[in-house]
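Enquirer: Curious how this folds, go ahead:
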Amino acid sequence: MLSNIPNILTVLRLLSVYPLIIFILEEQFFLALGIFFLAGISDFLDGFLARKFSWQSRFGQIADPVADKTLVVATIISLGSIDLIENWFMFMVLGRDLFIIVGVVLANYLISDYQVAPNYLGKLNTTILLLLVGIILIDAVGFLVTDIAIYWISILFIFTNTLSLIVYFIDPGIKILRNIK
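Expert: Numbering: from 1, shown residues only. Have a look, this model is predicted:
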């Protein structure tokens, strides 16, 4: 029973997306920030518990990244729809994910049983994005956040976003080229 805790946390994180969207769209930023913060804690906890106690499951391997991406994409689209983030930024985040999905599908088609593995740079990129979204929500609540902080974290995100996208294509690209011989 305890071994299901990470999966329960993942499902709760996925279920938190709808109220998060509603609170952002209704500009209830304090509530949105609370849900976003709790979702972040649940993401940390489910991974920690699964690794610490060997509670990994096939469901968790699939559902955890789906919950994470759903949370991030829904939050980014919601923030973009009320002009808290620029459209180019929203499209950059969504574009990277779309390119990765298309790349993985192509790699699976061209390389039998190709498995995409999360890498350090991708995890760092996601961490920086979540930090940036959290700071944007904190700013929207009315707490003092300097524009320079948002600017530099945005620059850091753009850098890691671009680099991680390149890295995601290098591995399958090399494997595809090796198979062409």
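Enquirer: And I77, its phi and psi?
Expert: Dihedral pair for I77: phi -60, psi -40, per degrees, to the nearest 10.
Enquirer: Pretty sure it sits against M90.
Expert: Yes: if you go by CB atoms under 8 Å, I77 and M90 touch, sitting 6.7 Å apart. Any C-beta I mention is one placed from the backbone N, CA and C, and that applies to glycine too.
Enquirer: Need the overlap of contacts for the two.
Expert: Shared contacts of I77 and M90, defined by CB atoms under 8 Å, 6 or more residues apart in numbering, are absent.
Enquirer: Who has more neighbours out of the two?
Expert: More crowded of I77 and M90, by other CB atoms under 10 Å: M90, with 18 against 15.
Enquirer: so the more buried one makes contact with G80?
Expert: Yes: using CB under 8 Å, M90 is in contact with G80, at 3.6 Å.
Enquirer: now the helices: where do they sit in this protein?
Expert: Using DSSP state H, the helices found in the chain span residues 5-15, 17-25, 29-52, 58-81, 87-110, 120-141, 147-180.
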